[in-house]
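Student: Build me a model from this:
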Amino acid sequence: MWVPETTGGLGPEDALLSDEQVAAARDLAVTLESLLRSAKLVFELFLEHLDRVQRKPTFTDHIKTYLTNSVALVVDAVALRGRGEVRNLDVSEEPGDCVRLSGRCVVTGKPYYVVVPSSGAIEYFERGRNIAEAFPDLPKPEREFLISGTSPEGWSQLFGSATC
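Tutor: Okay, here's the model as predicted:
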């Protein structure tokens, strides 16, 4: 377990801490609350995935889908590690191992979406790869939507006819 808000220099390399180290690093009540919130989020994501995928005959099949389905992986990456305004993107499956990332423009409030390769979405949202590297073929206005939540129409409203 990693306690991210701990003072004293703990970081990702300290991800596997003993119970004693966790207790010494942070107030136990705060740690327990963080664990419970984290567990709740994991179960909510799991239930969301079950709603998105075809029902499977066994629990084991559900877990396998949850851990290997590209849409499920992107949903996790966006929900847990989404950046700024794009935390509230909806993710749906598209043909060709792609996903549709849909949300409302933060300027216009209108729905907007982009379709991207699942692998690029995982690289960008989960692994923190530069957006131009994760989506080299995605036009700049669509990349801007993923960065800031601003659609091309919203960009025009803010900056006139200038493009991103």
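Student: domain assignment for this structure?
Tutor: The chain breaks down by automatic domain parsing into domains covering 12-66, 69-159.
Student: Comparing those, which yields the minimum mean pLDDT?
Tutor: When these are ranked by mean pLDDT, domain 12-66 comes last with a mean of 66.
Student: For residue 113, what is the enclosing helix or strand?
Tutor: Assigned by DSSP states H and E, residue 113 belongs to strand 111-117.
Student: Which strands or helices does whatever helix or strand comes next after that strand pack on?
Tutor: Following strand 111-117 in sequence order, the next helix or strand is helix 118-121 (DSSP H and E). When contacts are defined as 3 or more CB pairs under 8 Å, 6 or more residues apart in numbering; DSSP states H and E, helix 118-121 sits against helix 70-81, strand 98-104. C-beta coordinates here come from the backbone N, C-alpha and C atoms, glycine included.
Student: what's the burial count for residue 32?
Tutor: By other CB atoms under 10 Å, the residues close to residue 32 number 12.
Student: begin at 849 from here
Tutor: From this message on, residue numbering opens at 849, which makes the last subject residue 880.
Student: Am I right that it is in a strand?
Tutor: No: assessed with DSSP: H, G, I helix; E, B strand; the rest coil, residue 880 is helix; it does not lie in a strand.
Student: so how far is residue 950 from it?
Tutor: With distances taken as CB to CB, to the nearest Å, residue 880 is found 36 Å from residue 950.
Student: Just give me the neighbour total for residue 940.
Tutor: For residue 940, the number of neighbouring residues by other CB under 10 Å comes to 15.
Student: I'd like to know how far the nearest residue to it once chain neighbours are set aside sits from residue 979.
Tutor: Using CB to CB, 6 or more residues apart in numbering and skipping the chain neighbours, the partner closest in space to residue 940 is residue 948 (4.7 Å). Counting by CB to CB, the separation of residue 948 from residue 979 is 17 Å.
Student: And the two? Which one has more around it.
Tutor: Higher neighbour count among residue 948 and residue 979: residue 979, with 19 against 16, using other CB under 10 Å.
Student: The more buried one and residue 969, how far apart?
Tutor: From residue 979 across to residue 969, the span is 11 Å (CB to CB).
Student: before we move on, the earlier item: could you list everything the residue nearest to residue 940 pairs with in the sheet?
Tutor: residue 940, residue 963 (DSSP bridges).
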